[in-house]
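A.B. asks: curious how this folds, go ahead:
(chains A and B)
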Amino acid sequence: MIAPLGLLLFVVGWYRFSVVYIQGANLQLVQQNNYSVYVPFQQISAYLQALQEFTYVTAAIALVMFLYFFARFIQFKRTTKAAPSM
Amino acid sequence: MNSLAAPTMLEQFVLGYGFVFVYAIFGLAGFIMGWVAQRGNYCFVNAMSSIYTTKSYDRFGALLILFGISALATGALVAFGIVPAVDQYYNNFFFGWYIIVGALIFGFGATLAGGCNLSMLYRAASGYLQNWLELFGMMVGTFIFAVAIWPFQSYTMASGILSTKQGAYIEYLPYDIFHYVSSWSVGITALLLGVPLVALGVYLQTKTRKKWASFGIDAGTPGTVNALASPITALNSIPTSRIPTIKPSSLLGRIDIADVKNMILLRIPYSVNLSTGLLVVALLMVFVGGAGYTFNYLVITSSDGGRFLEYILMPFGVNLALGTPWYNNALAVVDPSVLMVIMLIVGAFTASLLSGDFKIRVPHQKRRLLIGFLGGILVGIGVRIALGCNIGMMWTNFAQLGYDGILFLISMLGGVGLAIKVQQHLV
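C.D. replies: Numbering: from 1, shown residues only, chains lettered A, B, ... in the order given. You can find the predicted model right below:
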């Protein structure tokens, strides 16, 4: 049940990491005149835009999975509570 | 199509929707790869180690079919003018001593560690702790390569010492065989490369399944092949309790609506040939979608072995791209393969969770964790020396109609065999 929350944390965390650190590292390369591995701003923006969409979709799937497993857990608890009286 | 002696080196778009679309295609392809590899228990190392351990050629045959269909499909797209030839050969690798040496080290290390680069990721996403350590080991191995080996290797590549000095059309079989690039030279080369691979793969699968049938094993039942080539038993003899009971076998097995329904509902694993077909779809997505924009093939280790270490160090104020060899001139800080690998992990995790396969797995023998880490170091060193792994170099190169993939395959087989011998000796 906890695993979908882990997925949610992972994708949201990865998105935030990309926004803060990957962009920052790329800017550092420009400041140091290293253009061998520098990525043009247009491409970094495209990456972040696509990543944002995937983050939304994956987060939604993770939440749905969490709710599904949570519902099954509640159902299981109710079944085991009812069992002793049968 | 350019038929002059020196083909063009100007890449062209096939789909002009921009980089957001390209990143999205790579992300989706990665999700498909992760999902399919997890459901099909698809591992290149398993496929090769099965030859040595259980004398099974079924999964190895599937690999050959994968390579053959990839060559035929990409070749057809180019031959019919849908994808320009330059987008097929532009990113072709160099050839040199490093392909053979690197593949040998990679095969050896991956077998010890417990999985190739694809299976390492999907098993890590399914909860296998050993494969997480293999991944960390790979990052360490990549760093060791970068500081200790890359300066020497790049010198030999630049100087042409046991190495070609260029990739691209120099490594492109249509150009090498026919000395020019045209629809028919690409088409004929694709047939020459792809048809024998598919035929050999089908032959090996048929031969193996007939052998299994004589033992009463139905290889056509989804899950059967997975049981016989599971990551745990691949290196050991198969317990008889795990061998399913009687059904006659055929190459495709029974075509059973119930099996299709159970596969969709994630109740049973995917068959190896179904997984192969779906992986080819992922390859073709990036081949067409990324053409003209980026390295339009599937790439894993630049990200998980290379960039992930860069990323881990970034919050600590360390930017490897600023001064460390290889990181500062051979690895762009981000590219579409990053999103591909992230979504591969998401796809594999989602598939394992929904199918009930997800579980944190710690090996009974704790030394396997250390072996996984050390094997991962060798994996990292090997793939970087070889300029790529089983996915980004070997499989990709068949789709590129190159010849490095053939040499990588032979060397990797050698490395896997050597590792099997070492493990048997240690056990």
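A.B. asks: tell me, what residue is most central in chain A?
C.D. replies: A:Val11 (1.3 Å; Cα atoms, centre = their mean).
A.B. asks: and the helix or strand hosting that residue, what's buried?
C.D. replies: Taking DSSP states H and E as the definition, A:Val11 sits inside helix A:3-17. In terms of neighbour count (16 or more other Cβ atoms under 10 Å in any protein chain shown), helix A:3-17 has its buried residues at A:3-4, A:7-8, A:10-11, A:14-15. In this view, the C-beta of every residue, glycine as well, is placed from N, C-alpha and C.
A.B. asks: got it, and stretch B:158-172?
C.D. replies: For stretch B:158-172, by 16+ other Cβ under 10 Å, it's B:163-164, B:167-169, B:171-172.
A.B. asks: and chain A, which of the residues you listed reach it?
C.D. replies: Counting by Cβ under 8 Å from any Cβ of the partner chain, nothing from these sits close to chain A.
A.B. asks: would you mind giving these as JSON lines with pLDDT added?
C.D. replies: JSON lines is the format used below for the buried residues of stretch B:158-172 (pLDDT from 0 to 100):
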{"residue": "B:Ser163", "pLDDT": "94"}
{"residue": "B:Thr164", "pLDDT": "91"}
{"residue": "B:Gly167", "pLDDT": "85"}
{"residue": "B:Ala168", "pLDDT": "89"}
{"residue": "B:Tyr169", "pLDDT": "90"}
{"residue": "B:Glu171", "pLDDT": "91"}
{"residue": "B:Tyr172", "pLDDT": "94"}
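A.B. asks: B:Tyr122 touches B:Gly40, doesn't it?
C.D. replies: No: using Cβ atoms under 8 Å, B:Tyr122 is not in contact with B:Gly40; the gap is 9.5 Å.
A.B. asks: name the residue in those two with the higher neighbour count.
C.D. replies: Relative neighbour count places B:Tyr122 above the other of B:Tyr122 and B:Gly40, with 29 against 26, counting by other Cβ atoms under 10 Å in any protein chain shown.
A.B. asks: what sits against that one?
C.D. replies: Residues in contact with B:Tyr122 (Cβ atoms under 8 Å, 6 or more residues apart in numbering or on different chains) are B:34, B:37-38, B:42, B:344, B:348, B:352.
A.B. asks: next one: it from chain A, what distance?
C.D. replies: To chain A, B:Tyr122 is 14 Å away according to Cβ to the nearest Cβ, to the nearest Å.
A.B. asks: and if you look at B:Asn273?
C.D. replies: B:Asn273 is 28 Å from chain A, by Cβ to the nearest Cβ.
A.B. asks: could you look up the SS state of that residue?
C.D. replies: At B:Asn273 the chain is in helix, as set by DSSP: H, G, I helix; E, B strand; the rest coil.
A.B. asks: ignoring the adjacent residues along the chain, who's closest to it?
C.D. replies: Leaving out its chain neighbours, the residue that sits closest to B:Asn273 by Cβ to Cβ, 6 or more residues apart in numbering or on different chains is B:Ala62, at 6.1 Å.
A.B. asks: which helix or strand contains that neighbour?
C.D. replies: Per DSSP H and E: helix B:58-79 holds B:Ala62.
A.B. asks: which neighbouring elements make contact with that helix?
C.D. replies: Packing partners of helix B:58-79 (3 or more Cβ pairs under 8 Å, 6 or more residues apart in numbering or on different chains; DSSP states H and E): helix B:44-53, helix B:86-89, helix B:183-214, helix B:224-228, helix B:272-289, helix B:396-399.
A.B. asks: weakest of those helices in terms of mean pLDDT?
C.D. replies: Here the lowest mean pLDDT among those goes to helix B:224-228, at a mean of 45.
A.B. asks: now the helix or strand immediately after it in the chain: average pLDDT?
C.D. replies: Using DSSP H and E, the helix or strand that follows helix B:224-228 towards the C-terminus is helix B:257-264. The pLDDT scores in helix B:257-264 average 81.
A.B. asks: remind me what the host helix or strand of B:Trp132 packs against, helices and strands.
C.D. replies: If you go by DSSP H and E, B:Trp132 is part of helix B:129-148. Secondary-structure packing of helix B:129-148 (3+ Cβ pairs under 8 Å, 6+ apart): helix B:97-113, helix B:117-125, helix B:308-313, helix B:367-385.
A.B. asks: give me that answer again for 6 Å
C.D. replies: Packed against helix B:129-148 by the contact rule (3 or more Cβ pairs under 6 Å, 6 or more residues apart in numbering or on different chains; DSSP states H and E) you find helix B:117-125, helix B:367-385.
A.B. asks: same list (those) but as a markdown table, adding mean pLDDT.
C.D. replies: Listed next are the helices and strands packed on helix B:129-148 as a markdown table, based on pLDDT from 0 to 100:
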| stretch | mean pLDDT |
| --- | --- |
| helix B:117-125 | 94 |
| helix B:367-385 | 94 |
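A.B. asks: quick one: closest of the ones you listed to B:Leu66.
C.D. replies: helix B:117-125 (11.3 Å; Cβ to Cβ).
A.B. asks: just the C-alpha atoms of the closest one, please, in PDB.
C.D. replies: Extracted in PDB, the C-alpha atoms of helix B:117-125 (Å, rounded to 0.1, in the frame of the first residue of the first chain):
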ATOM      1  CA  ASN B 117      21.400  -3.300 -17.900                       C
ATOM      2  CA  LEU B 118      17.800  -3.700 -18.800                       C
ATOM      3  CA  SER B 119      17.100  -6.400 -16.200                       C
ATOM      4  CA  MET B 120      19.200  -4.600 -13.600                       C
ATOM      5  CA  LEU B 121      16.800  -1.700 -13.800                       C
ATOM      6  CA  TYR B 122      13.500  -3.600 -13.900                       C
ATOM      7  CA  ARG B 123      14.600  -5.900 -11.100                       C
ATOM      8  CA  ALA B 124      15.700  -3.000  -9.000                       C
ATOM      9  CA  ALA B 125      12.300  -1.500  -9.600                       C
END
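A.B. asks: now it: how far from the chain's centre is it?
C.D. replies: 11 Å (Cα atoms, centre = their mean, to the nearest Å).
A.B. asks: give me the angle between that helix and helix B:272-289.
C.D. replies: 110 degrees (axes from the mean of the first three to the mean of the last three Cα atoms, to 10 degrees).
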